[in-house]
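Participant: sequence unknown, structure follows:
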């Protein structure tokens, strides 16, 4: 049985079990099960850790079973890689936005001094519409493949958190490490699909 710190972390925030369940989008029963020291799925642990703003490993004082400990460590590694990948992708998006702001300001300045007629507005629209499409293509064809190699446990930023947790990433990379006791303790909402 794992020594859960979830009650302590929840109380520090002044939350009830129901509030934690609501914030993490898991069932109240799952929160109760985890607080009593029983296991739940890794996706539930990930959602609860995110709601409490801690890593999955910080949810426990000690973790029984090498397989479960390895799975928790793998989940933490994936979260760290995802955070680094999202930071890099976000930096590129900020560069695109910053350039767009500069282009917009420059065109508006040229229009205001009658150097560029009203056609200059088309330049702004072209940057924000066509440039956005081109930027997305470059991200998908150039940046994402490089980030896939650098951060193999992460997924492209366009994928929502819910898709990461419930989708194939968790199913294929983590479920093999989940011990039988974890699988037996899952409820219908918490079950990771194995196909």
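Facilitator: Here it is on my side, so go on. Just so you know, these numbers come straight off a predicted model, no measurement behind them. Residues are numbered from 1 along each chain as shown.
Participant: Verify the contact between residue 118 and residue 112 for me.
Facilitator: No: judged on C-beta atoms under 8 Å, residue 118 makes no contact with residue 112 at a distance of 11.7 Å. C-beta here means a position set from N, CA and C on the backbone, and glycine is covered the same way.
Participant: if you count what's nearby, which of these two comes out ahead?
Facilitator: For residue 118 versus residue 112, neighbours defined as other C-beta atoms under 10 Å are more numerous around residue 112 (10 against 7).
Participant: could you measure the more buried one against residue 125, distance?
Facilitator: As judged by C-beta to C-beta, to the nearest Å, residue 112 and residue 125 stand 17 Å apart.
Participant: Quick check: which element contains the residue of the chain most remote from its centre?
Facilitator: Within the chain, the residue lying farthest from the chain centre (C-alpha atoms, centre = their mean) is residue 114, at 47.4 Å. Counting by DSSP states H and E, no helix or strand carries residue 114.
Participant: Could you report the distance from it to residue 147?
Facilitator: 45 Å.
Participant: likewise residue 106?
Facilitator: Residue 106 sits 31 Å away from residue 147 when distances are taken as C-beta to C-beta.
Participant: Equivalent analysis for residue 18, please.
Facilitator: In terms of C-beta to C-beta, residue 18 sits 38 Å off from residue 147.
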